[in-house]
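A.B. asks: coordinates for the following, if possible.
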Amino acid sequence: MSETQGAVPQPQLTYQGPMSGTTEVLLIRHGRSADVVPGTPESHDPGLHEVGRAQAQALARRLASKRIDAVYASHLARAVETARPLADARGLSVTVVEDLQEVLLGDWGEGEFRRRAAIGDPEFLAAMATGRWDAIPGAERDEDLRARVTTTVLGFRAAHIDQTVAVVSHGGAINACLAGLLEIDRSHIAAIENTSITTVHLREGAPARLITMNDCNHIYDPVLGPLA
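C.D. replies: Sure, this is the predicted structure:
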């Protein structure tokens, strides 16, 4: 080092907000959905469990000071119910976008997926190990899932430059969106908790920037785990 060259500090990582021209997208999973009996009419589109409603209120309190310019949700009841407190607090409406819905589960729809998960079904475990949703019989193709969710979110980027949008969707759909934006092979890459916030910055001509993933500190610390 020359005598005239001073010491250079490490760049500070303190969050300074999105760069100019960026759309900040808060990908939010819905709250806990109601218990269902597989195969019943209610299993097709359950609303929120009472725990899920409390989670949605905790989410709204957590984000009370956050500027949010628009609120989007899938058409499914659990997503709309989770989004509504965020929108109501700001005098906004919830814009429903069907392409934000959860992966279409084919033969394991209407509660069959959660039944198999609850019992640790070997076919369920084998399908999940592939990291692909189309390992489930009759399920939506991974490429189709990624395309519909990622295209939708990129559309929000174009419509909301220099703004923040809340997008209330589903665990599988959020995973697929991240996989599409970050160009990851597996469509199931992360645990996404109910009402967790995954923050992505999108800017024309630049790669997607992942800021937070599965932030659920309003219900528990995801590092330390739920309280006993």
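
A.B. asks: which element follows the top helix by length along the chain toward the C-terminus?
C.D. replies: Longest helix in the chain by number of residues (criterion: DSSP state H): helix 142-159. Read in the C-terminal direction, the helix or strand following helix 142-159 is strand 164-169, with elements assigned using DSSP states H and E.

A.B. asks: ok, and what's touching that following strand?
C.D. replies: With contact meaning CB atoms under 8 Å, 6 or more residues apart in numbering, strand 164-169 is reached by 18, 23-30, 63, 66-74, 79-80, 82-83, 86, 100-102, 149, 153, 156, 177. Placement of C-beta: from N, CA and C, glycine included.

A.B. asks: also stretch 171-179?
C.D. replies: Residues beyond stretch 171-179 that count as contacts (CB under 8 Å, 6+ apart) turn out to be 27, 29, 74, 100-103, 133, 142, 145-146, 149-150, 153, 169, 184-190, 192, 198, 200, 210, 213.

A.B. asks: filter the residues you listed down to just the ones in strands.
C.D. replies: Using DSSP state E, the members of the contacts of stretch 171-179 that fall within strands are L27, R29, S169, T198, V200, L210, M213.

A.B. asks: for those, which single residue is the most surrounded?
C.D. replies: Looking at these with neighbours defined as other CB atoms under 10 Å, the largest count falls to S169 at 31 neighbours.

A.B. asks: so in terms of bridging, what pairs with that residue?
C.D. replies: On DSSP bridges, the residues paired with S169 through beta bridges are R29.

A.B. asks: could you measure from V96 over to Q163?
C.D. replies: The spacing between V96 and Q163, counted by CB to CB, to the nearest Å, is 19 Å.

A.B. asks: good, wrapping up.
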